[in-house]
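Q: need a structure here:
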Amino acid sequence: DYFRGYIAMLAVDEVLRGKGIGLCLVSKAIRSMRGEGCEEVVLETECSNTGALNLYEKLGFFRDKRLLRYYLNGGDAFRL
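A: Have a look, this model is predicted:
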């Protein structure tokens, strides 16, 4: 069987950004999923969220697909 992990939502308070908290949270989530046998981890983030995109790409994620009008506000997302 093939197992895929999914990060549904992750947020760091604006005051605390830039301190490595997001990197730590995502890294721990990935380690946990790998420990459960996941071979792949996927997520979506807004195309305009450059901070999140930089973080995820730093961790090895890549932009797989653009999802038009994915969010309720009409914003597009990238699946990573």
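Q: So which bits of stretch 5-18 are buried?
A: 5, 7, 12 (16 or more other Cβ atoms under 10 Å). Every residue, glycine included, has its C-beta placed from N, CA and C.
Q: Just the ones in strands from those, please.
A: 5, 7 (DSSP state E).
Q: between the buried residues of stretch 5-18, which is closest to Gly74?
A: Ile7 (22.5 Å; Cβ to Cβ).
Q: Near the closest residue in space to the closest one that isn't next to it in sequence, how many residues? Count them for me, please.
A: Nearest residue to Ile7 in three dimensions, chain neighbours excluded: Leu43, at 4.0 Å (Cβ to Cβ, 6 or more residues apart in numbering). Applying other Cβ atoms under 10 Å, we find 19 residues neighbouring Leu43.
Q: Surely Leu43 and Tyr6 touch.
A: Yes. The criterion here is Cβ atoms under 8 Å, and Leu43 meets it with Tyr6 at 6.7 Å.
Q: No further questions, thank you.
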